[in-house]
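K.L.:
sequence below, structure please.
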Amino acid sequence: MPLLRLVIAIVSVAASVSGNSAVCATDHDCSLNGVCKAGQCECDVPWTGPSCGRLLTERARSKGVYGYSPNISSWGGSIVHGDDGLFHLYVAEMTAGGLREWGKECQCVHAVSPNISGPFVEADVSVNKWCHNPAPIRDSKGEYLLFHIGTGNETETSKFMHHSSSPTGPWVPAKTSPGGCNNPAPAFHPNGTLFMICNHMYITSAPHWDGEWQRMRSLGKKGGDPDRHWEDPTLWFDRRGNFHILYHVFCLLPYNAHKECYSGHAFSPDGFTWTFSDVEPFGGTVHFTDGSSTTFSTRERPQVIFARGDSTTPVGFVGGVSSQPIGPTCDSCYRGTCSQCKITEGRDWTYTVLQPLKGFNDAYPDKAATVAV
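P.N.:
As a prediction, this is how the structure comes out:
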């Protein structure tokens with residue numbers, strides 16, 4: 001008997017003796033979000049489920065972290081910690097026309113808060129329109145790197161990333177680029193290499209953010225369900241060095257099919273061989289600190305945040321939500337029919353929510369206690 005089959009057989013027998021059915025043979029069966037022991041997955045926080053595929057969520061601030069007003073339409077972003085003790089949110093905000101005009105009337109706004117839970121107040125505009133899907137991170141020396149799509153007011157080099165030594169700028173366009181990169185999702189590997197997902201399905205890398213980028217390589221086929229469309233990646237590395245991507249996923253069916261989709265998770269031990277899980281990490285319902293809950297028509301552009309000094313364990317994610325609730329109106333949504341409609345006639349207001357995960361209160365004990373309802 002080949003060695004791998006022998007190991008699996010031994011694990012199965014051990015699990016049977018203990019009265020449990022084996023659900024894993026290797027850590028891969030635990031979505032690389034935990035370890036396989038005696039045929040069962042022991043999940044890392046904040047993951048749960050038989051295959052460690054679902055995220056354990058906590059209650060979110062009831063009015064989001066930015067743009068809870070019909071006069072402001074924002075569509076997600078992310079938060080970095082400043083040396084000034086403040087939290088800095090870089091968020092996509094439409095200047096006119098609501099989300100319908102995201103492709104031309106959007107700018108990347110900088111907002112601040114003393115609490116990571118918000119609310120965040122606009123401080124300035126980092127990159128003028130057109131700038132969308134800001135993805136900020138900091139390098140090992142503290143430089144602020146603001147990845148985005150759109151050219152702003154600058155030259156073609158700015159369609160990829162701006163950088164600054166201060167959270168308020170001035171912002172300088174990057175000297176190099178990996179080429180066309182829609183919805184860039186950057187993350188530093190533990191060895192210092194900067195990796196990035198582009199165009200929902202490619203990965204590239206550079207030894208430094210102003211260095212030469214490697215040729216892109218495909219992540220492969222994204223799952224086996226043709227109704228699920230994967231987009232809006234956010235990349236990170238766990239404490240074992242594995243690659244992880246959290247996606248927004250939507251189903252290409254009208255609401256009356258009752259097949260709603262919201263999220264996806266992909267993982268890889270090396271960045272070359274990827275697995276796209278059939279288990280959704282999160283759904284459409286958000287539970288709020290005021291005791292209410294909402295099942296949104298869509299939750300998009302999720303960007304993972306971490307505790308200060310730890311870039312391996314997610315404690316939350318920021319994303320855009322539509323004020324449009326899920327329901328029969330989604331059979332006639334803007335630009336075609338799909339279950340996750342986000343705009344209907346006369347209703348295009350969207351805002352930005354921080355979804356805390358299990359471990360958030362431990363990561364920010366003094367900040368989480370100040371959440372306003």
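
K.L.:
CA atoms for contacts and neighbours, from now on please.
P.N.:
Noted.

K.L.:
wait, doesn't residue 70 sit right on residue 349?
P.N.:
Yes: if you go by CA atoms under 8 Å, residue 70 and residue 349 touch, sitting 5.5 Å apart.

K.L.:
and the two? Which one has more around it.
P.N.:
residue 349 (25 against 13; other CA atoms under 10 Å).

K.L.:
my guess is that one meets residue 321, correct?
P.N.:
No: if you go by CA under 8 Å, residue 349 and residue 321 don't touch, sitting 9.1 Å apart.

K.L.:
helix or strand with the lowest mean pLDDT in this protein?
P.N.:
Lowest by mean pLDDT, DSSP states H and E among the helices and strands of the chain is helix 3-18, with a mean of 40.

K.L.:
beyond that helix, next helix or strand please.
P.N.:
Using DSSP states H and E, the next helix or strand after helix 3-18 towards the C-terminus is strand 34-37.

K.L.:
gap between that next one and the chain center?
P.N.:
24 Å (CA atoms, centre = their mean, to the nearest Å).

K.L.:
go on, stretch 163-171?
P.N.:
With CA atoms, centre = their mean, you get 23 Å for stretch 163-171.

K.L.:
how about stretch 231-238?
P.N.:
6 Å.

K.L.:
got the contact list for that stretch?
P.N.:
Stretch 231-238 is contacted by residues 183-190, 196-197, 200, 243-249, 300-304, 311-313 when judged by CA atoms under 8 Å, 6 or more residues apart in numbering.

K.L.:
quick check: mean pLDDT of it?
P.N.:
Mean per-residue pLDDT for stretch 231-238: 96.

K.L.:
ranges for the strands of the stretch 101-250 of the chain?
P.N.:
106-113, 121-127, 132-138, 144-149, 161-164, 172-173, 185-188, 194-198, 202-206, 217-218, 228-237, 243-251 (DSSP state E, counting those that start in this stretch).

K.L.:
got the ones you listed as CSV, with distance to residue 273 and mean neighbour count columns?
P.N.:
Shown next, in CSV, are those (distance: least, CA to CA, whole Å; neighbours: other CA atoms under 10 Å):
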stretch, distance to residue 273, mean neighbour count
strand 106-113, 34, 25
strand 121-127, 35, 19
strand 132-138, 25, 27
strand 144-149, 25, 25
strand 161-164, 27, 22
strand 172-173, 33, 20
strand 185-188, 18, 25
strand 194-198, 14, 23
strand 202-206, 12, 20
strand 217-218, 10, 16
strand 228-237, 15, 23
strand 243-251, 10, 24
